[in-house]
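Peer 1: Fold the stuff below for me.
(2 chains)
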Amino acid sequence: MNLIRQELLHLEMMEKNKIRFKFKKIMEFKYLSHLETVRLIIMAVARAKIKVKYSEGFNPNPKINFSFPVPVGLASFAEYADIEICEKSGATDFKAFLNAQLTEKLTVIDSKNIFEKVPSLMADIELCSYCFKIKSLNKNLKEKIKNNIKNDIINKINNTEFESSIYNIDLSFDEINSDIVYLNLIGYTKLSKNNKIFKFNDFLKYFKYLSNNNFLVVEDYFKKEAYVLRNGMLKTPLEIV
Amino acid sequence: MKTLSYNDFEKILENVLKPGRYIGNEFGIKSRSITNLSEKEQDSKIFFALAFPDIYEVGMSNLGIQILYEIINSHDDFSAERVFSPWIDLEENLRKNKIKLFSLENKIFLDEFDIIGFSIQHEMQYTNVLNMLDLANLKLRSNERLSSRKPLICAGGPAVINPLPMSPFIDFFVIGDGEEAVLKILEVLKQFKSESREKEWFLNEIKKIDGIFVPSVYKFYYFDNGVIEKIKPDLKVKKAVVKDLNKYKIVTKPVIANIKPVHDRFVCEIMRGCFRGCRFCQAGFTYRPVRSRKPENLILQCLEGIQNTGYDEISFLSLSSADYNGLEFLINTFVDLNKNKKISISLPSLRLDSFTLSIAEIIQSGRKTGLTFAPEAGTQTMRDIINKNINEDEMLDCIKVAFEKGWEKIKLYFMIGLPFEDNKDVEGIADIVNKIISLAKNVLPKNKLGRLNINLSINAFCPKPFTPFQWVAQDSLEMLNEKFFIIRNMLPKRFVTVSWSDPEKSRIECALSRGNLKVADVIEAAFKNGAKFDNWSEFFNYDIWQDAFNKANIDIGFFTERQADIDEIMPWDFIDIGVSKKILKNEFNKAGIIAFRNDGKE
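Peer 2: Residues are numbered from 1 along each chain as shown, chains lettered A, B, ... in the order given. Modelled structure (predicted):
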């Protein structure tokens, strides 16, 4: 009897399986807080009959670890989580099963099995990229004005307290709609000697103010990607597993 | 149908505390998108707004809403969408931007619906009903809405069992169980819409359905002293009753709330009604007859529900689960079948004794969260008067065993201001608590005594319609506070946490629940003076209500502190809930005899 039990335990250990997945949280679902999102995903995992590993103790919790919370109201195409499951399920099946229980506005985009030990998402992710879609109140942004805007806005931002929290910033233009401009920004999510943490909501407030002064309207914004640093290179959390 | 644009939706959610309340798109919603329905197709359907006059987290925990939502949406011709009270921050944004209240599913403006049905759980939600009508830009009184064919406004739920205080605002009421009544109403409504009938025709047709009260049909005549002289016509509205609950499956695919509801678990209703007959309990009389679901049917449905929802907790709902015939079978089987899953069970109304304690042990295995006892009164005489069949020695024995088994948290429910009550009965409450403390000192090991936690909850008794105490006077605020301090002063500070329900709120609740048509003016005046979320202590404002009574020139004491004559016509006498007035009178007399007999002995 004991032998069988040991055998089963062994099997369970063997079948321990870790998956990293990337999900988006857009449209109405951007209004959910981190905890509310976690609750919905855990319930969806249960409905998908995915056997999650639980922590031990009196109040066992499913072993799912999420990346750093995104502010309420900010749509994101790059939320990450690691989940431990007790069956040998492939990452592709996992994605399909889970998505069958989720809405398209909160859905898994990609997933990968984790085979080697990796740092937790919370500890590993150092940067996030954001995109702001800006519309000009002048119908046609002539080349000259475009360059002015570029210098004006980027210079102004670089002269603020935000500068030390920004890793990279640039403007791009829409090929078809000449009155649309995109601001792409990569900010630090972790404090270090050389930089501060990028505070999205504070920046948004400032950027809206700045845009208004330049006859521009911030139409939309979202979180595009999260990055870890490997040898000075930016990698997405899925590229490193 | 006019709907809220996504841009406006984003605009009004700015600076809103919990925007997740308003996003809809939940897992399990059953109504279909209207964007790909042509105008003609929209026109051929009946759109029902299920309105709940409290916030999302409270409404999504309500079983009635989920039941009706499922029933209505299972028909192709009907579509139900949900709407809850917006929290004050969203209300402010709606009013500021002149945007009307909208449904969660398709964000349809409320005034576009064919019918709005309010599910009203308690009297303190009345002002929220008016607020929702106002936010939908609808006139509050039905006689101001006569010219518009839609939306029709109806209401149901436990707080309209006496419908009079709300009846000027509501076109018709559903008294009793909604499962069967709602479909009958919708069939008539379909005809009303497709044949473009008169509103009067509609009201005339639905009043033939069991449980439907159409206020415009009845007239009330009063004596000079405010008591009702007669009600015309002399016709009774018969409560709607679902005779066999087993005909209906429990809701196995509920809508999963996007943000944590107050009761965040799968709900299985095991029984409707209660055998006990406690004389203060309105639900005990209005939910009669007792109807049980067969436990062998429930097992599969519960497994299905857990699978469909992903919940890790199930609640077996009834008014008194210990009286449910298959409780042990149900729980043991459920526990057996879920051995490998981490599913916990909750029994919100488990009456504890030596037998049911073992059930409590099964469901609280691992983490002993606490035990709840509701003796309601402090002495045996008082408990006999209210017919609460709990014996003090048995209860103390049970608590002793519980302490021995490792429980340290006890929750106790009592009422003060009960009929025939004297100070001895009040002191008896503190006596029981002190006995439990000495018991704990004897039984609990020294190192565990510090963790003893007695949570004493004291409520002011509020006499309710359709109970044997419907005639009795409520204690004045001074008397209630005095009685509370008697208890407070007899208790040690250590081990006991006392919570005392606001007696002012209880007084308003009493006046509203026993109100007649005139009380409607009070509700409207209170709403116009800013009353809303009256059940939320941070919002309840007694002064607003006192002003409202003054403004309407109505003495609040008439409905609270006045002992009614036993032969008086009560405002709710035209409703037949299935328990005759004679039975209530008999029960009241029995209570009086017990009080009298015990008085004589001492």
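
Peer 1: Briefly note if the top strand by length along chain A comes near chain B.
Peer 2: If each strand of chain A is counted by residues according to DSSP state E, the longest one is strand A:216-230. No - Strand A:216-230 does not reach chain B (CB under 8 Å from any CB of the partner chain); its nearest approach is 9.9 Å. C-beta: built from backbone N, CA, C; applies to glycine.

Peer 1: Measure how far that strand is from the centre of its chain, please.
Peer 2: 9 Å (CA atoms, centre = their mean, to the nearest Å).

Peer 1: next SSE after that strand?
Peer 2: strand A:233-235 (DSSP states H and E).

Peer 1: in its sheet, what does that following strand sit against?
Peer 2: Strand A:233-235 sits in its sheet next to strand A:216-230 (antiparallel), going by DSSP bridges.

Peer 1: List the buried residues for the strand it pairs with?
Peer 2: A:216, A:218, A:221-228 (16 or more other CB atoms under 10 Å in any protein chain shown).

Peer 1: Chain A - how does it break down into domains?
Peer 2: Dividing chain A into domains by automatic domain parsing, as the record does, gives the ranges A:2-115, A:124-235.

Peer 1: what about residue B:307, distance to chain A?
Peer 2: 7 Å (CB to the nearest CB, to the nearest Å).

Peer 1: and that residue, how many residues sit next to it?
Peer 2: The number of residues packed near residue B:307 is 14, by other CB atoms under 10 Å in any protein chain shown.

Peer 1: now swap in residue B:442 and tell me
Peer 2: 9.

Peer 1: circling back to that earlier point, got a markdown table for the buried residues of strand A:216-230, with pLDDT too?
Peer 2: Output for those, formatted as a markdown table (pLDDT from 0 to 100):
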| residue | pLDDT |
| --- | --- |
| A:216 | 87 |
| A:218 | 94 |
| A:221 | 97 |
| A:222 | 98 |
| A:223 | 98 |
| A:224 | 98 |
| A:225 | 98 |
| A:226 | 98 |
| A:227 | 98 |
| A:228 | 97 |
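
Peer 1: State the mean pLDDT of stretch B:246-265.
Peer 2: In this model, stretch B:246-265 has an average pLDDT of 97.

Peer 1: again with stretch B:335-354
Peer 2: On average, stretch B:335-354 scores 85.

Peer 1: Flag every buried residue along that stretch.
Peer 2: Those would be B:338, B:343-347, B:349-352, for stretch B:335-354 by 16+ other CB under 10 Å.

Peer 1: now do stretch B:252-263
Peer 2: Buried, per 16+ other CB under 10 Å, within stretch B:252-263: B:252, B:254-259, B:261, B:263.

Peer 1: Would you mind reformatting those (as a markdown table) and adding columns for secondary structure and distance to residue B:13 while you're at it?
Peer 2: Listed next are the buried residues of stretch B:252-263 as a markdown table, based on DSSP: H, G, I helix; E, B strand; the rest coil; distance: CB to CB, whole Å:
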| residue | secondary structure | distance to residue B:13 |
| --- | --- | --- |
| B:252 | coil | 32 |
| B:254 | coil | 25 |
| B:255 | coil | 20 |
| B:256 | strand | 21 |
| B:257 | coil | 17 |
| B:258 | coil | 13 |
| B:259 | coil | 13 |
| B:261 | coil | 20 |
| B:263 | coil | 25 |
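
Peer 1: which pair in those spans the largest distance?
Peer 2: Farthest apart among these by CB to CB are B:252 and B:259. That separation is 22.2 Å.

Peer 1: got the phi/psi numbers for the most centrally placed residue in chain B?
Peer 2: In chain B, the centroid-proximal residue (CA atoms, centre = their mean) is residue B:121; its distance is 3.4 Å. Taking degrees, to the nearest 10, you get phi -90, psi -40 for the backbone angles of residue B:121.

Peer 1: Now do it, the pLDDT please.
Peer 2: Residue B:121 is assigned 98 on the pLDDT scale.

Peer 1: mind checking which helix or strand of chain B has the lowest mean pLDDT?
Peer 2: The helix or strand with the lowest mean pLDDT-type score in chain B, counting by mean pLDDT, DSSP states H and E, is helix B:354-363 (a mean of 83).

Peer 1: For whichever helix or strand comes after that helix, list every residue counted as buried.
Peer 2: Sequence-wise, the next helix or strand downstream of helix B:354-363 (DSSP H and E) is strand B:371-376. By neighbour count on 16+ other CB under 10 Å, the buried set for strand B:371-376 is B:371-376.

Peer 1: again, but for stretch B:185-204
Peer 2: B:185-190, B:192-193, B:197, B:199, B:202-203.

Peer 1: what does stretch B:68-87 give?
Peer 2: B:68-73, B:78-87.

Peer 1: Can you give me the distance of the residue of the stretch 401-550 of chain B found nearest chain A to residue A:195?
Peer 2: Here the stretch 401-550 of chain B gets closest to chain A at one residue, residue B:406, 12.7 Å apart by CB to the nearest CB. According to CB to CB, to the nearest Å, residue B:406 stands 53 Å off from residue A:195.

Peer 1: Same drill for the two, tell me which one is more crowded.
Peer 2: residue A:195 (17 against 11).

Peer 1: quick one, what contacts the more buried one?
Peer 2: A:164-165, A:167, A:188 (CB atoms under 8 Å, 6 or more residues apart in numbering or on different chains).

Peer 1: And the contacts of the helix or strand hosting residue B:153?
Peer 2: Per DSSP H and E: residue B:153 is located in strand B:152-156. Identification of contacts with strand B:152-156 by CB under 8 Å, 6+ apart yields B:64, B:114-120, B:129, B:133, B:138, B:142, B:145, B:163, B:166, B:169-175, B:178, B:181, B:185, B:189, B:199, B:202.

Peer 1: Let's see which of these end up in strands.
Peer 2: Counting by DSSP E, the contacts of strand B:152-156 contribute B:115-119, B:172-174 to strands.

Peer 1: Which one of the residues you listed is nearest to residue A:69?
Peer 2: residue B:119 (34.8 Å).

Peer 1: what sits against residue A:217?
Peer 2: Neighbours of residue A:217 in contact, by CB under 8 Å, 6+ apart: A:134-135, A:137, A:211.

Peer 1: from the residues you listed, which would you call buried?
Peer 2: Judged by 16+ other CB under 10 Å, buried ones among the contacts of residue A:217: A:134-135, A:211.

Peer 1: and residue B:49, helix, strand or coil?
Peer 2: strand (DSSP: H, G, I helix; E, B strand; the rest coil).

Peer 1: Compute the distance between it and residue B:209, please.
Peer 2: For residue B:49, the distance to residue B:209 - CB to CB - is 20 Å.

Peer 1: Mind jotting down where the helices sit in chain A?
Peer 2: A:2-14, A:34-47, A:91-99, A:121-124, A:143-158, A:200-213 (DSSP state H).

Peer 1: now these in TSV, with distance to chain B and mean pLDDT?
Peer 2: Converted to TSV, these look like this (distance: least, CB to the nearest CB, whole Å; pLDDT from 0 to 100):
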stretch	distance to chain B	mean pLDDT
helix A:2-14	12	55
helix A:34-47	3	97
helix A:91-99	11	95
helix A:121-124	23	95
helix A:143-158	23	80
helix A:200-213	12	93
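
Peer 1: which residues sit in contact with the residue nearest to residue B:320 when sequence neighbours are not counted?
Peer 2: Excluding its sequence neighbours, the residue lying closest to residue B:320 (CB to CB, 6 or more residues apart in numbering or on different chains) is residue B:274, at 4.9 Å. Residue B:274 makes contact with B:281, B:283-284, B:287, B:290, B:318-320, B:323, according to CB under 8 Å, 6+ apart.
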